[in-house]
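1. Could you work out the structure for the sequence below:
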Amino acid sequence: MFLELKNITKTFGKTVANDNISFGLNKGEILALIGENGAGKSTISKILYGLNKPDSGEIFLDGKKLKIHSVLDAIDHGIGMVQQHFMLFESYTVAENIVYGKEPKKNGFFDRKRAAEIVRELGDEYGLHIDPDLKVEDCSVGMRQRIEILKVLYQNADIIIFDEPTAVLVPQEIEELLKTIKDLAKRGKSIIIITHKLQEVMDVADRTVVLRQGKFVGERLISETDIKELSYLMVGRGIPPREVEKKEPGKLVLDVEDLRYKHEGVSILNGLSINVHEGEIVGIAGVSGNGQTELIQCLTGLLKPDSGKVELCGEDISGKSVREIRDLGCAHIPEDRYEFGCARKADLEETSIMGYEHLPEFSSKGLLNEKHNQEFALNLLDKYSVKYDHMGEPAGALSGGNIQKLIVAREIEHNSKFLIAAEPTRGVDIGAQEFIHDRLMDKRNRGDGVLLISSELSEVMSLSDRIYVIYDGQIRGEFTRAEADTNKVGFLMMGGQNGQD
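-> Reported below is the predicted structural model:
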């Protein structure tokens, strides 16, 4: 084995994140590290990269024992990491970010020209082309990830860890990234990829190691396993196929007609019309960037549409504030959990009531009802199996999947008449996905309306009673559950027109 981890144990307070874990990585191999949220995947990767120190255990590289006390130690040993949340300086250029900490110098000063040349040379060598003079703040998510990869390659990493690399990418970017990872392995780089998406594991990995509740539970060659077996190893049980009971929809909950919105003169929403009734899940299928974000923000009061009608439970909400819309019965699981779903420094109790703290059950005369609020928060954490250390822990300290579960819990458990669920299972494992899908289905079965917006077509297809396809800010087609199939929906998602072949 090129890299070996032996008996790694790491605890945080009473939580055992890694419990005597051992596994290895071969030269030029792509190893997928999989498991439920809180299984210990990110902790073990952070130990390798010097962000965490193990309580016990040993790490060997080419048979030599390593001492990794810091990120600089890891980099010196040829270990790099592309983290889930990019570590880039927004106001710096692409080149400045890539060479940061190891800048080329000329006459004692930063050699900007040479830095740009380095980026172009790396881009040519690895097929990761990007303009070195671009500011990071002007780069798409996919481009930012490319910068992170080039930064690791510039540091001469032989072992590259990818932590949930596709969690925020659109389908085309995912395909491109998986190709890049395969190319890196062919060039002799050894890859560890942490992902919840088992199809990606099957598509890109050579071997997989499965963790559950901080323990090693098995490893498989990808050529000798399948998604069904891997999901069983991850959660300790089979995931049955979903059966959706047919239900007659009730009264209109959301009615949107001819919605239009421009940003800096560019039309984003172009006469969009949709509706949602009581007792149904309505899915929006589309490649990210076709107006979904602006639609969500117009419905929730974050943006004001230029024209069109938006009614919630029969009341015009197009000019109302975020709070007024929430108070009328609109809950919202946002697509970006950190930007809109929580405050990183807020504790878990605060996060559990966020957006509802002004309601009588949570506060009175400007004072929070601490006893009730703590009980409410504990109930959410327990019911949704959120793994945490203590109630005073900041939301930003939870893993991405666990903070997602807490936000989903908060928005579903307030029993609003209408729920916008945007990317509700982004970054969560297969067991948590099933649980969240069950809760969305429960909400639908109680007679509430759900608008599901997801870049995962399989999620939209499996849950929705009706599906709208969005492209370029317009609805290109509408299907019932019985009418929808992947080919028809996918064709319209890519810009096809109804009636075309």
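2. Once you drop chain neighbours, what's closest to residue 277?
-> residue 249 (3.6 Å; Cβ to Cβ, 6 or more residues apart in numbering). In this view, the C-beta of every residue, glycine as well, is placed from N, C-alpha and C.
3. State whether that neighbour is indeed within a helix.
-> No: Residue 249 is assigned coil when assessed by DSSP: H, G, I helix; E, B strand; the rest coil, not a helix.
4. what residues are up against it?
-> Applying Cβ atoms under 8 Å, 6 or more residues apart in numbering to residue 249 gives the contacts 277-280, 465.
5. and which of those residues is nearest to residue 159?
-> Proximity of those to residue 159 was ranked by Cβ to Cβ; the top entry is residue 465 with 46.7 Å.
6. For the closest residue to residue 48 other than its chain neighbours, what are phi and psi?
-> Computed as Cβ to Cβ, 6+ apart, the closest residue to residue 48 that is not its neighbour in sequence is residue 79, at 5.9 Å. When read as degrees, to the nearest 10, the backbone of residue 79 gives phi -110, psi 120.
7. Could you check how many residues crowd around residue 79?
-> Neighbour count of residue 79, defined by other Cβ atoms under 10 Å: 27.
8. bridging residues for it?
-> residue 159 (DSSP bridges).
9. Can you say which two of the contacts of residue 249 are spatially most distant?
-> The widest separation within the contacts of residue 249 (Cβ to Cβ) is 11.4 Å, between 278 and 465.
10. Would you mark the buried spots in stretch 62-75?
-> Using 16 or more other Cβ atoms under 10 Å as the burial criterion, the residues of stretch 62-75 that qualify are 66, 68, 71, 74-75.
11. for these, which one is nearest residue 369?
-> residue 71 (43.2 Å).
12. Does the closest one touch residue 47 like I think?
-> No: under the criterion of Cβ atoms under 8 Å, residue 71 is not in contact with residue 47, lying 11.6 Å apart.
13. which residues touch residue 40?
-> Contacts of residue 40 by Cβ under 8 Å, 6+ apart are 10, 17-19, 21, 211, 213-215.
14. Just put these in TSV and tack on secondary structure, pLDDT and neighbour count.
-> Below are the contacts of residue 40 laid out as TSV (DSSP: H, G, I helix; E, B strand; the rest coil; pLDDT from 0 to 100; neighbours: other Cβ atoms under 10 Å):
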residue	secondary structure	pLDDT	neighbour count
10	strand	94	22
17	strand	90	28
18	strand	93	26
19	strand	94	16
21	strand	95	23
211	strand	92	27
213	coil	85	15
214	coil	90	23
215	strand	92	15
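15. Could you dump those residues into JSON lines with distance to residue 316 added?
-> JSON lines is the format used below for the contacts of residue 40 (distance: Cβ to Cβ, whole Å):
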{"residue": "10", "distance to residue 316": "54"}
{"residue": "17", "distance to residue 316": "50"}
{"residue": "18", "distance to residue 316": "54"}
{"residue": "19", "distance to residue 316": "56"}
{"residue": "21", "distance to residue 316": "56"}
{"residue": "211", "distance to residue 316": "51"}
{"residue": "213", "distance to residue 316": "50"}
{"residue": "214", "distance to residue 316": "52"}
{"residue": "215", "distance to residue 316": "55"}
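16. ok, which pair from the residues you listed is furthest apart?
-> Most distant of the contacts of residue 40, by Cβ to Cβ, are 10 and 213, 13.5 Å apart.
17. what residue of this structure is the furthest out?
-> Going by Cα atoms, centre = their mean, the residue of the chain most distant from its centre is residue 107, 44.3 Å out.
18. Just the CA atoms of stretch 457-472, as CSV, please.
-> The C-alpha coordinates for stretch 457-472 follow below in CSV (Å, rounded to 0.1, in the frame of the first residue of the first chain):
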residue,chain,number,x,y,z
LEU,A,457,-33.8,14.5,-11.6
SER,A,458,-34.2,11.2,-9.9
GLU,A,459,-35.4,13.0,-6.7
VAL,A,460,-38.0,15.1,-8.7
MET,A,461,-39.2,12.0,-10.6
SER,A,462,-39.6,9.8,-7.5
LEU,A,463,-41.5,12.3,-5.3
SER,A,464,-43.6,14.6,-7.5
ASP,A,465,-47.2,14.3,-8.4
ARG,A,466,-46.7,16.8,-11.2
ILE,A,467,-43.5,18.0,-12.8
TYR,A,468,-42.8,21.3,-14.5
VAL,A,469,-39.6,21.5,-16.7
ILE,A,470,-37.9,24.9,-16.5
TYR,A,471,-35.5,26.2,-19.2
ASP,A,472,-34.3,29.8,-19.7
